[in-house]
Every structure is written in C-alpha cells, then in structure tokens.
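Engineer: With the input below, show me the fold.
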Amino acid sequence: MHLKNRLPFVFFVSLVLTLFLGIFLAYPDISAAGEIAVVKVDVANIRTGPGTDNSVFSQVGLAERLPVLGKSGDWCQVRISDGSTGWVAGWLVALETTGTTPEPSRSGEDSGSLKTAVVTGSVVNIRSGPGTSNGVIGQVNQGNTLSILEQSGDWYRVKLSSGSTGWVAGWLVSVRSAPAQTSPPVNQDTGGKTPGDNSGKADNQSGKALSLNVSDSGGKTSATLKASAPFNYSSFFLNNPDRLVVDMQGVTPGDLPLNTTVDSKSVSQVRVGYFQKNPDVTRLVFELKGGAQYLASLSTDQKTLTVETYIPNVSGSYRGKIITIDPGHGGSDPGAIGAGGTKEKEVTLDIANRIARILEANGAKVVMARSGDTDDDLYERTDKANNAKSDVFVSIHINANNDKSIGGTTTYIYSGTGARVQESDRLARCVQAEMIKTLGLRDIGVKSANFAVLRTSNMPAILVEVAFISNAAEEKLMRTDSFRSKAAEAIARGIGLYFAQRRTA
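Structural biologist: Okay, here's the model as predicted:
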C-alpha cells in the first residue's frame, strides 16, 4: 500500500483510539456488555450522562429490559427501544446476565422442607416463567398463601388453587417456613368455611383457638384471642368496605363463633373463618368504621393475640410538628408529561401547597423542599428537612407507565431496615389508606425503593405517587381543583393519623 493511501487509514485509526480514550477517561468504570437492566420502578429517567446533573431525554417503565452497554459508578449505560443510548440509575434496575439461567434451588417437591409465599402486593401476576418477560397466566390477591415448589433467582414457582403452577416475583411475597404440604387457599375473607371444620387436618402441631373476647373501653375496642399452642400472625387492610384482616398461622378455629357483633366506635363486627389447612391458618376479619386504626401484639408465650382498634383523635396531632413537603421535580425537570400536556412538576407543586395550607392551619410548621418552579437538587431537599429537624418528610409525585391502561395510587418507603424505616412504613400506610378512601383509585399498596430522598432523610420519609399521568382518565382528574384538593386533604389527614396513632401508642 502506498503511503498516500495509508494516510486516511492511519487517521481513521487515530480518531477511533482518541474517541475510545476520551470515553474511557470520562467513565473509568465502564464495563463490557453482557447484562440486561430490568426496570424495578414504575418509571425511570434516561439521562444523557451518569448522574442527576445530566438532563432527562427519555423515560422507561416497569419491567422494561434494557441491554447494558457500560457502567460508571452507580449508573448503567443502556440502549432503549428506539435504539438510542443513555444512562439509568443503577438503584432503579436489577441486573441480569444474558445467556445464563440461574440454577433453580428445589425447596418443595423434592425436599422435606416446605416454604410458603404469602402475597403482600394488592393484585400480583403469576407468570409462565421466572421473569417479567414471561406471559401472565393468572393473578392472586393480597393475603393468599401459596406453596413454593422451587426458586430461580428472585422468582418462586408456586402452586395455585386450581392445581396449576406458575412463577411469582419474590419482592411481591413474604416467604415463610411451613411443616407440611399446603392445601389450596380460600380467596374470600374467611373462606365461607365453618370454624369447627377440622377434617383432613394433617398438622398435629397446630394449636386450637380457645376463646375470643371482645370489649370496648375508653374509645378502644380490644379483641383477645387465646390458643392452646404458640402461633404467629400477619395483618393487612382491605378497602371498600374497610376491613382489617388478621391471619394466625398454626391455629385452628375450634369452637369460636362465626360472627361477633361489636358495634363500637371503630368496629361493627368480627368474623372468624378457617382460611387454610395444612398448615392451618385461622382468619379474623374486623369490619371497621371510617378512619379506624389498629395495634396488634402477641404475648411472650405466643399463645395470646390482642388487637386494639380505635378512631384516632386527629385534632391537635399536628400542633408543634415540623413537616417537610417535597413537590417532586421542578425547573428544567418537568417530570412525567401526560398526553394532554399536563406536567408532573406543576401538579406536585399545587398539591404540595394545598397540603401546606392545611397543615399550617392545624398548627404545624411546614418546610417546603421546593417552593417554586426551581431546580432543586435531591440532596438539598433532604438537607432542608434534616437541618429543620423535621418530624416527617413527604415527597409528592405523579406516576407514569408505558402501558397507558395502568392507574392507581402507591406510597414508597426506603428499602432499608431499622426503626426509621418501620416508622416510615406506619406513616405510609396511614397516608395510603386515606388516599385510597378519598380518591377511589386502584390500591397498588406500600412499596420499598432506594429513592435518594427516602435514603438520605433522617426522619420517617415517604414518597407518594398520587396517580398516573400516563392514564388518560387520571390525567383528566388531576387537572381539576377537586382532585388536587382531595389528594391534599387525604395526605394531610394521613399525616395527622400517623401522629395521632404514635401519640396513642
């Protein structure tokens, strides 16, 4: 090759090496491809570079699978569906290695130890395989208990009431050990079975419910259940109508009455049912009156469960409290944008201002993490709350999803552990319950996430996703004063219920 013909080639190679070196120096942690980033949240921003100081140019939705091109610190460079590339925060995705399938660990059919999965999500999909890329073959409701047959990564293969099997996401269930094979669970409240029905019972270690005493004193209704052997319990709320469900594992109903009429300030009646056999689960259903809260405790010997229900006195619960309200996004970051042009940053600021007025009118001091249409760093927002020694931090957001049919309300807490997270969970449940009652949207429930504002706040902190701006009907609602006022009132009332509950407890 003549020298004059080699010059363009040499120039081209030099240019490529220079570009590669520039990328390497800019992003020194960059790694080779071979991974898939699976989006773990309802909506995640795709940015022009690795960091929140880079601009958002696209968004991706829950369960989307994005090829990983490289990494820089906690950020992943990914390719999205239109072929363009950008950066997503690593804490918003789960990484899977391409071309490999996790080795299943057998925990049911082929071994002596049986585990069960108790559904914690409101409505959970059952899929044909272990991953969101597999089709949905059915759904199960919150509180259902399913036999675990095997595990693959974060997914469990479970046995359904129809006898068929499918896969459920591990982050949507609570896994528990059980001593024997599980019968198909009953799916409606107490299941319609008579309490004394012990036929087919295989678990000889289960205790028997001996008595259920319900009393009302000082505005509190106390239900005490005693059993002949130690047991565990779990509890959750159901809405429309309001019910408190308490499942006691390792207890048969014995001769307890099907219904106990109470008619107190907080409870109209208590129902008992044989929810599941082998392992035995007895279910108590408290039919609640508006705004009722509860406290449950198990005795030291685990044979006596006490459930107290009450209507909190919210008046005065705000006085002297310091509350930080954080309107999501702002300034150059509009957040999610609806098909009708509605911007998340405008809705969140309006709702936050309404909340602030309600709280201040009831004696609280309000710190606004963002008071106008300004660019406020996420860490600056929690710095304001921490410096003010706020009692709680409440971030207001509007959700979005590529699936325009999805709608509903969600409240997030930090995915860590400890007393602050426990208090955050209590606050989240109070606010979520009031949002569902007031707005009437789908109850997606309380979820955990590693959002920066939840992770870096020193006090109980929640992030409320009021509704979906990507859903045409919900976008239309959030453009109205009525909806925004109702959302603000519900969030403020939920905060008040939290403080009242903490004071009573």
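Engineer: in what helix or strand does the spatially most central residue of the chain lie?
Structural biologist: Per C-alpha atoms, centre = their mean, the C-alpha nearest to the average position across the chain is that of residue 447, at 1.3 Å. Using DSSP states H and E, the element containing residue 447 is strand 443-449.
Engineer: hey, which helix or strand in this protein has the poorest pLDDT?
Structural biologist: Least confident helix or strand of the chain, by mean pLDDT, DSSP states H and E, is strand 105-106 with a mean of 34.
Engineer: so what does whichever helix or strand comes after it touch, helix or strand wise?
Structural biologist: Sequence-wise, the next helix or strand downstream of strand 105-106 (DSSP H and E) is strand 114-119. For strand 114-119, the packing partners by 3 or more C-beta pairs under 8 Å, 6 or more residues apart in numbering; DSSP states H and E come out as strand 145-152, strand 173-178. In this view, the C-beta of every residue, glycine as well, is placed from N, C-alpha and C.
Engineer: what distance separates strand 114-119 from the centre of its chain?
Structural biologist: Strand 114-119 sits 19 Å away from the centroid of its parent chain (C-alpha atoms, centre = their mean, to the nearest Å).
Engineer: which neighbours does that strand have in its sheet, and in what orientation?
Structural biologist: As defined by DSSP bridges, the strand partners of strand 114-119 come to strand 145-152 (antiparallel), strand 173-178 (antiparallel).
Engineer: Turn those strands into CSV, columns for mean pLDDT, distance to residue 139 and mean neighbour count.
Structural biologist: Shown next, in CSV, are these (pLDDT from 0 to 100; distance: least, C-beta to C-beta, whole Å; neighbours: other C-beta atoms under 10 Å):
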stretch, mean pLDDT, distance to residue 139, mean neighbour count
strand 145-152, 83, 12, 22
strand 173-178, 66, 13, 16
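Engineer: Can you tell me which of those strands is nearest to residue 462?
Structural biologist: strand 173-178 (20.6 Å; C-beta to C-beta).
Engineer: what does whichever helix or strand comes after that closest one rub up against?
Structural biologist: Using DSSP H and E, the helix or strand that follows strand 173-178 in sequence is strand 207-217. Residues outside strand 207-217 that contact it (C-beta atoms under 8 Å, 6 or more residues apart in numbering) are 195, 221-231, 248, 250-254, 256-257, 260, 262, 264-265, 267, 270, 272, 282, 284, 303.
Engineer: and the residue nearest to residue 155 when sequence neighbours are not counted, how many neighbours?
Structural biologist: With sequence-adjacent residues excluded and distances taken as C-beta to C-beta, 6 or more residues apart in numbering, residue 155 is closest to residue 130, at 3.5 Å. For residue 130, the neighbour count with other C-beta atoms under 10 Å is 23.
Engineer: Residue 130: what secondary structure?
Structural biologist: coil (DSSP: H, G, I helix; E, B strand; the rest coil).
Engineer: Which other helices and strands does whichever strand or helix holds residue 57 contact?
Structural biologist: Assigned by DSSP H and E, residue 57 falls within strand 56-61. On a contact count with 3+ C-beta pairs under 8 Å, 6+ apart, strand 56-61 meets strand 43-47, strand 85-89.
Engineer: Would you format the strands paired with strand 114-119 as TSV with distance to residue 371 included?
Structural biologist: Putting these into TSV (distance: least, C-beta to C-beta, whole Å) gives the following:
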stretch	distance to residue 371
strand 145-152	48
strand 173-178	40
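Engineer: Can you tell me which of these is nearest to residue 487?
Structural biologist: Nearest of the strands paired with strand 114-119 to residue 487, taken as C-beta to C-beta: strand 173-178 at 29.7 Å.
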